[in-house]
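Visitor: Sequence and predicted structure below; questions after.
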Amino acid sequence: MTGWMVTVGVVRDDGKIGHEMYAVAVDDPERAVQVALAAANSDAAVVNGEIDEASMKSIGLETGGILKVLDENSDPLTSRTRRH
């Protein structure tokens, strides 16, 4: 069993655009995107890469499960980025 990392674009309550990244334990990347979009209530997503079975087990992700990994508030690389 493999899974996928999926980044989803989201519109916040204040109208600002953000992102959320999900680990999705689904073999099919297209289905993984659909699952992540549903979880984030969004319309735009991109597959970042495949997750191996050992990695999914290490974070406690079961087959068919989804886990939000980060968003712009918990991502140290982009949370302090200035937006123009």
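Guide: Done, it's in.
Visitor: use CA for all of it now, contacts and neighbours both
Guide: OK.
Visitor: do you know how far Ala54 is from Ala36?
Guide: 21 Å (Cα to Cα, to the nearest Å).
Visitor: Pick out whichever of the two has more residues nearby.
Guide: Ala36 (29 against 12; other Cα atoms under 10 Å).
Visitor: what about Ala32, how many neighbours?
Guide: Other residues close to Ala32 by other Cα under 10 Å number 25.
Visitor: I'd assumed it was in a helix, is it?
Guide: Yes. Under DSSP: H, G, I helix; E, B strand; the rest coil, Ala32 sits within a helix.
Visitor: so it touches Met21, yeah?
Guide: No. Ala32 is beyond contact range of Met21, at 11.8 Å (criterion: Cα atoms under 8 Å).
Visitor: For this structure, which segments are assigned as strands?
Guide: Taking DSSP state E as the test, the strands found in the chain are 3-11, 17-24, 44-51, 66-71.
Visitor: Low-confidence stretches in this protein?
Guide: Along the chain, the parts satisfying pLDDT under 70 run over 74-84.
Visitor: please redo it, this time with the cut-off set to 50
Guide: Scanning the chain with the threshold set as pLDDT under 50 gives 76-84.
Visitor: contacting residues around the residue nearest to Met5 when sequence neighbours are not counted?
Guide: Excluding its sequence neighbours, the residue lying closest to Met5 (Cα to Cα, 6 or more residues apart in numbering) is Ala23, at 4.7 Å. Contacts here follow Cα atoms under 8 Å, 6 or more residues apart in numbering; on that basis Ala23 touches Gly3, Trp4, Met5, Val6, Ile51, Ile66, Leu67, Lys68, Val69.
Visitor: How about Asn41?
Guide: Val10.
Visitor: and what of the one 3 residues further on?
Guide: Residues in contact with Ala44, defined by Cα under 8 Å, 6+ apart, are Val8, Gly9, Val10, Leu37.
Visitor: With Leu70 instead?
Guide: Residues counted as contacts of Leu70 (Cα under 8 Å, 6+ apart) are Glu20, Met21, Tyr22.
Visitor: starting at the chain centroid, how far to stretch 2-14?
Guide: In terms of Cα atoms, centre = their mean, to the nearest Å, the centre of stretch 2-14 is found 4 Å from the chain centre.
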